[in-house]
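Q: Give me the fold of what follows.
(2 chains)
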Amino acid sequence: MQSKNNKGWYLLFTAPLLLIFITVVVIPFIIGIYYSFFKWDGIAANPKVFVGFDNFIKLFGDTRFLESTWKTTLFTILAVISVNIVGLVFALLVTSKLRTSNAARTMVFMPYLIGGLILGYIWQFVFLDVFTLIGEVTGLENVFFNWLIDMDFALYALVFVFTWQMAGYIMIIYIAGIQSIPNDVMEASMIDGASWWQRLKNITFPLLMPAFTISLFLTLSSAFKIYDVNLSLTGGGPANSTEMFAMNIYNEIFGYGNYGYGQAKAIIFFFIVAGITLTQVYITKKREVEM
Amino acid sequence: MKKVNKFIKELLLLIAALFFLSPIYIIIVNSFKNRQELYENVLALPEEFSFQYYIEAMEKMNFLNALGNSLYITIVSVLIIVILSSMTAWMLARTDNKLSKIIFMVFIATMLIPFQTLMMPLMQFMSTITNTLHIPMINTREGLIFMHIGFSSSISVFLYHGFVKSIPITLEEAATIDGASKFGVFWRIIFPILKPITVTVMILNVINIWNDYLLPSLTLTDKGLRTIPLSTFYFFGEFTIQWNLAMAGLMLTIIPVVIFYILAQKHIIKGIGEGAVK
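A: Residues are numbered from 1 along each chain as shown, chains lettered A, B, ... in the order given. Alright, predicted model coming up:
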């Protein structure tokens, strides 16, 4: 009686969310794997032709896809470095007991809340009009011009805006990490005459390892999956030079109507994202234990 | 010497922070300028403050309607997420058997799936439900809410699960002996204790759902259903290069976010920190 009753409660508490979760996430994931073995244009009336692993084999000869993979990798590397440096520097400044700390923290965090799509539009204007103006006034036209029309600089523009969006968020994580470092360790090292740099290198950084793990994990996966900023800032241009992975998949499926092939890309995308994040967490966790 | 050093640091930090916000300044000043004034100097203050472009942008974006849609979708989604995921997480954490472990593992594992992997099959499946079961999942705000709940469930269950584990079980046992049902125990005793993590779950989901563009763009086709990111996207598609109007439009979309930030700053920063660390 008691156990039957408990089963009823278990069902009542978990079933509603599980039903929604399975409908929205689990079933589409399974159907998605199925679709990736077919050639189909997305029109229900047209036949789905089973092609086995052809879609996956085709990927290796798709230069636009390979180019997009390379660009996404490059973007991710640059973005992870830049976001973490800016975030960490702000965190170190904000926690050094300055009067402007609170105001600065508030300001730096603000962009994260605005959302990628709108940030992209804001910066489109900044690159278009403000950068060109600064270039004209200062004469540094090699640096300050509309980055969005240059194939290489458009990628840097993406890194720049992504940093602007994420640095405040990462800063918050580093602040939490810095604040958890015990005060007496710092004081002891100061009495021993350790310099600012020695303290940073030998105490702060090692004790910040958990915060590094989280920050790297978050920036890595969100940089690799970038879509909104990509769409509104560059739209993939000029000449597809900034078409990141996520956008390439979207265009393949909904732009060109290659549903099966696009889904095969999406499955590969999943494996890469899962692979990167798991490896990264594994490596940094291991280093945390060692120290 | 030390004082000078500190002063320089203060100044540097302030300048850096202001530089960070400078694009916002640029949108504000240019949203008030006419076309000619805008091209003369994009950094200068406007000569007069006229709200002409705000009114125009509001009409063209159908702003109030989009604001209403965004508010409705975000609030309803977040409330249901909080209720369902806290119940689920509590049950999973307190029932120590294989099934609970498997369900929890599936929730965690799916956090690795990018949205792009699911979007096409999800849309296919949702249209199938719409066509065969006649439940309107596509092109309705309620259908979108349903999908938002599904996508938010992993992270929310994960956060609640971790928190429940830290609550001593003796409290619940005492109440159970006193004859309270599971339902009563959860809502009267557990849910109030969960408050700090509920705030975190709410904040994280509000930010994600409010700013989401891709999922609404795939499900909502009616103009009248557009959320703020969607109407911004179409607004830019139709009226680009009229930058003063565009700036006013962008300002409009930022204002609700700024209000939210001012009202809940402490919770947001704490919530973000905790949400990430777990």
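Q: and the residue of chain A nearest chain B?
A: Among the residues of chain A, A:V24 lies closest to chain B, at 2.5 Å counting by CB to the nearest CB. Any C-beta I mention is one placed from the backbone N, CA and C, and that applies to glycine too.
Q: Near chain A, which residues of the stretch 151-278 of chain B are found?
A: Contact residues, the stretch 151-278 of chain B versus chain A (CB under 8 Å from any CB of the partner chain): B:151, B:153-154, B:157, B:181-183, B:186, B:207, B:210-211, B:213-214, B:229, B:232-233, B:236, B:243, B:246-247, B:250, B:253-254, B:257-258, B:260-261, B:265, B:268-269, B:272-273, B:276-277.
Q: what residues does the stretch 51-200 of chain A put near chain B?
A: Residues of the stretch 51-200 of chain A lying close to chain B (CB under 8 Å from any CB) are A:90, A:93-94, A:96, A:98-101, A:103-118, A:121-123, A:125-126, A:129-130, A:133, A:164, A:167-169, A:172-173, A:175-176.
Q: ok, B:N34 touching B:N244?
A: Yes. At 6.6 Å, B:N34 counts as touching B:N244 under the criterion of CB atoms under 8 Å.
Q: more neighbours, the two?
A: B:N244 (22 against 14; other CB atoms under 10 Å in any protein chain shown).
Q: so what pLDDT did the residue nearest to the spatial centre of chain B get?
A: What sits nearest the mean C-alpha location of chain B, by CA atoms, centre = their mean, is B:I207, with 2.2 Å. B:I207 is assigned a predicted lDDT (pLDDT) of 91.
Q: Which elements pack onto the host helix or strand of it?
A: Element membership for B:I207, per DSSP states H and E: helix B:195-211. Applying 3 or more CB pairs under 8 Å, 6 or more residues apart in numbering or on different chains; DSSP states H and E, we find helix B:195-211 packed against helix A:101-114, helix A:116-125, helix B:63-94, helix B:141-165, helix B:243-277.
Q: For that helix, what is the distance to the chain centroid?
A: Centroid separation between helix B:195-211 and its chain, computed with CA atoms, centre = their mean, to the nearest Å, is 7 Å.
Q: ok, now stretch B:235-251?
A: On CA atoms, centre = their mean, the centre of stretch B:235-251 falls 23 Å from the chain's centre.
Q: list the buried ones in that stretch?
A: B:235-236, B:239, B:242-251 (16 or more other CB atoms under 10 Å in any protein chain shown).
Q: And for stretch B:188-201?
A: B:I189, B:I190, B:F191, B:L194, B:I197, B:T198, B:V199, B:T200, B:V201.
Q: quick one: contacts for the residue of chain A closest to chain B?
A: The contact partners of A:V24, taken as CB atoms under 8 Å, 6 or more residues apart in numbering or on different chains, are B:L122, B:F146, B:M147, B:I149, B:G150, B:F151.
Q: again, 10 Å this time
A: B:118, B:122, B:125-126, B:137, B:146-153 (CB atoms under 10 Å, 6 or more residues apart in numbering or on different chains).
Q: out of these, what pair is the most spread apart?
A: Greatest spatial distance in the contacts of A:V24: B:F125 and B:S152, 18.2 Å, computed using CB to CB.
Q: ok, the closest residue to B:T219 other than its chain neighbours - contacts?
A: In space, and not counting its chain neighbours, B:T219 is closest to B:L144: 5.1 Å by CB to CB, 6 or more residues apart in numbering or on different chains. By CB under 10 Å, 6+ apart, the contact set of B:L144 is B:69, B:73, B:76-77, B:126, B:137-138, B:209, B:212, B:215-216, B:218-220, B:225, B:227.
Q: A:G255 too?
A: A:M247, A:N248, A:G262.
Q: Please narrow these to those residing in helices.
A: A:M247, A:N248, A:G262 (DSSP state H).
Q: which of these come close to chain B?
A: Applying CB under 10 Å from any CB of the partner chain to the ones in helices among the contacts of A:G255, one finds that A:M247, A:N248, A:G262 fall near chain B.
Q: count of residues packed around the last one?
A: In other words, A:G262. 26.
Q: In this structure it contacts A:A246, no?
A: No. Under the criterion of CB atoms under 10 Å, A:G262 makes no contact with A:A246, lying 11.6 Å away.
Q: Can I get the ones next to chain B among the ones in helices among the contacts of A:G255 in JSON lines including pLDDT and distance to B:L18?
A: Listed next are these as JSON lines, based on pLDDT from 0 to 100; distance: CB to CB, whole Å:
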{"residue": "A:M247", "pLDDT": "95", "distance to B:L18": "33"}
{"residue": "A:N248", "pLDDT": "94", "distance to B:L18": "37"}
{"residue": "A:G262", "pLDDT": "95", "distance to B:L18": "44"}
